[in-house]
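> fold the stuff below for me.
(one chain, ligands or ions: 3)
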Amino acid sequence: MTTSLSNAYKDTNIHLNNIIPLDFGSVLQLPESHVWTDDDDSGQDRRGRVRTCLVRADAAASPPVIDLRAPDSAGLAGEACRRWGVFQVTNHEVPRDLVEDVEAHARRLFQLPADRKLRALRASNGVTGYGVARISPFFPKSMWHEGFTIMGSAMEHAKLLWPHHYQEFCDAMDKYQKKMKALAYKILLVILKALGVDEEDHDKLASSFLYQSDGALQLNSYPSCPNPSRAIGLAPHTDSLLLTILHQNDTDGLQIMQEGVGWVPIRPTPGALVVNIGDLMHILSNATFHNMYHRVVPNKTSHRFTMAYFYGPPADSVLAPLPKLPGPPRFRAITVKEYIGIKNKHLEKALSFIQT
Ligand SMILES: C=C1C[C@]23C[C@@]1(O)CC[C@H]2[C@@]12CCC[C@@](C)(C(=O)O1)[C@H]2[C@@H]3C(=O)O
Ligand SMILES: O=C(O)CCC(=O)C(=O)O
Ligand SMILES: [Fe+2]
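Ligands and ions are numbered 1, 2, ... in the order given. Purely as a prediction, here's the structure:
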């Protein structure tokens, strides 16, 4: 029997219940707790600096936008994963009105008064509900961000937010997670193909844990910020699982670190979804695919809303570099739960603990 993905995050040593998001609606100035300097965002690693190396959008090449119906989508995705660790997809078959509906629900949620949102605060050892990003304890300053995490049904926390009117929210989240799961599976197949896993192998691997992957949905809000050049929306990090599918509203903010170049913005492209490679896919690809190191910066005048769907195998699955790949394996085999445990202790250094 497999253990669900949520199990990988339960009872870890991250305790967030004493860190709560700021009441963004009530502040006119950037509080000292949210002022970042170049040293504050380095976390466990010095690849990132707050603002000093943002490249102009037009000065750098950008990750590609790939049409999922194109016959060469696997080749293009493979190239993008090797070079960037991220690409955008169109023709993904997620209806535009569903995306808009979920975004509208997210807006409604984050616009609730602070005391109402705190009713749904994530429990100290829990995974779901309202609160700050899980990476918060690794950084000395607070982020200009609030989030709401869902795994499966959102009912438990939605009832606390809207005691009589939670059903519509839950239905929209269910519908969106179903669509995301199907899309993530489709993209997983495209990426595996790019790694040389062909259809024949799929039959052999049909019962593999990879194909039993599931997801978590994170609604993110980055309110407009009185002094965005000194604040951070989401501190630099990599996502831990196989891949993440992100919808961003029309407000810029997401940036990826490209070695030797700097922070490159990933601008919202109408109708496209951003797909990025996480740590587990980096392991599976024997480090040939980048696990995208990224951050979010806030905006002076507009409010950024995003929906991130994190996709990964059951907690007790064992992951290792795919055997077909050339070269000696660069990582030892590890369960998803063990990896998340290491990440929750060591953040960006986690991979170095499992290098061979
Ligand atoms: C399934 C998940 C991935 C995530 C932890 C979570 O339970 C939901 C939030 C996700 C997030 C978003 C911000 C960065 C990140 C590293 C974090 O701390 O929370 C990711 C987590 C992850 O990729 O492990
Ligand atoms: O909101 C964004 O643009 C990115 C969100 C993100 O990186 C995350 O939730 O892990
Ligand atoms: Fe992320």
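> contacts and neighbour counts: CA atoms only from here.
Noted.
> ok but Thr3 is inside a helix, no?
No - secondary structure of Thr3 (DSSP: H, G, I helix; E, B strand; the rest coil): coil, not part of a helix.
> need the contact list for it.
Pro314, Ala315, Asp316 (C-alpha atoms under 8 Å, 6 or more residues apart in numbering).
> gap between it and ligand 1?
Here the criterion is C-alpha to the nearest ligand atom, to the nearest Å. By it, Thr3 lies 14 Å from ligand 1.
> and for Gln111?
Counting by C-alpha to the nearest ligand atom, the separation of Gln111 from ligand 1 is 20 Å.
> how about the residues of this structure by ligand 1?
Selection of the chain residues close to ligand 1 by C-alpha under 6 Å from any ligand atom yields Val127, Ala133, Arg134, Ile135, Thr149, Ala216, Gln218, Asp239, Ser240, Leu241, Phe310.
> list just the nearest of the contacts of Thr3 to Ile232.
For the contacts of Thr3, the residue nearest Ile232 by C-alpha to C-alpha is Ala315; the value is 30.9 Å.
> return the residues in contact with the closest one.
Applying C-alpha under 8 Å, 6+ apart to Ala315 gives the contacts Thr2, Thr3, Ser4, Leu5, Ser6, Asn7, Ala8, Thr335, Val336, Lys337.
> tell me the buried residues within these.
When these are checked for burial by 16 or more other C-alpha atoms under 10 Å, the buried set is Ser4, Leu5, Ser6, Ala8, Thr335, Val336, Lys337.
> buried ones in stretch 62-79, by neighbour count?
Along stretch 62-79, these residues count as buried under the neighbour rule (16+ other C-alpha under 10 Å): Ser62, Pro63, Val65, Ile66, Asp67, Leu68, Ser73, Ala74, Leu76, Ala77, Gly78, Glu79.
> what about the residue lying closest to Phe353 once chain neighbours are set aside, distance to ligand 1?
Nearest residue to Phe353 in three dimensions, chain neighbours excluded: Ile342, at 8.0 Å (C-alpha to C-alpha, 6 or more residues apart in numbering). Counting by C-alpha to the nearest ligand atom, the gap from Ile342 to ligand 1 is 11 Å.
> from Pro314, how far out is Ile342?
Counting by C-alpha to C-alpha, to the nearest Å, the gap from Ile342 to Pro314 is 17 Å.
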